[in-house]
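In: What follows is a predicted protein model with its sequence.
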Amino acid sequence: MPNQRINFDLNDVVEMKKPHPCGENKWKIIRMGADIRIKCLGCGHSVMLPRSEFQRKIKRILEHGVKAEENDERK
Ligand SMILES: [Zn+2]
């Protein structure tokens with residue numbers, strides 16, 4: 001299967017290809033920018049990854065975060 005680009009956004013809960021050593025594999029996106037900061041929901045540890053690296057390591061989105069703005073018409 002080709003590597004699909006995943007559309008992620010702030011506050012999304014994501015699964016990574018490799019779980020955190022604490023055993024949890026749920027991460028929340030807490031900062032978006034040139035670097036993405038994600039926080040492990042198991043132990044609260046946070047890591048920062050360059051966007052390109054994050055894109056490679058993400059497996060799927062588990063939950064879409066609630067956004068302040070409503071952009072549903074953008075589809
Ligand atoms: Zn952890």
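Out: Arrived safely, thanks for sending.

In: where does this structure come near the ion, residue by residue?
Out: When proximity is defined by C-beta under 5 Å from the ion, the chain lies next to the ion at 20, 22, 24, 40, 42-43, 45. Every residue, glycine included, has its C-beta placed from N, CA and C.

In: quick one: which of these sit in strands?
Out: Assigned to strands by DSSP state E, the following of these qualify: residue 40.

In: Mind checking which of the residues of the chain next to the ion are buried?
Out: The neighbour-count criterion (16 or more other C-beta atoms under 10 Å) marks 20, 40 among the residues of the chain next to the ion as buried.

In: what's the nearest residue to residue 9 once chain neighbours are set aside in contact with, if anything?
Out: Among residues not flanking residue 9 along the chain, residue 65 sits closest, at 6.2 Å (C-beta to C-beta, 6 or more residues apart in numbering). Contacts were defined as C-beta atoms under 8 Å, 6 or more residues apart in numbering; by that measure residue 65 touches 9-13, 28-29.

In: follow-up on the earlier one: save the residues of the chain next to the ion as CSV, and put in pLDDT and distance to residue 57 too.
Out: Formatted as CSV, those follow (pLDDT from 0 to 100; distance: C-beta to C-beta, whole Å):
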residue, pLDDT, distance to residue 57
20, 97, 12
22, 98, 17
24, 98, 15
40, 98, 13
42, 98, 17
43, 98, 18
45, 98, 15
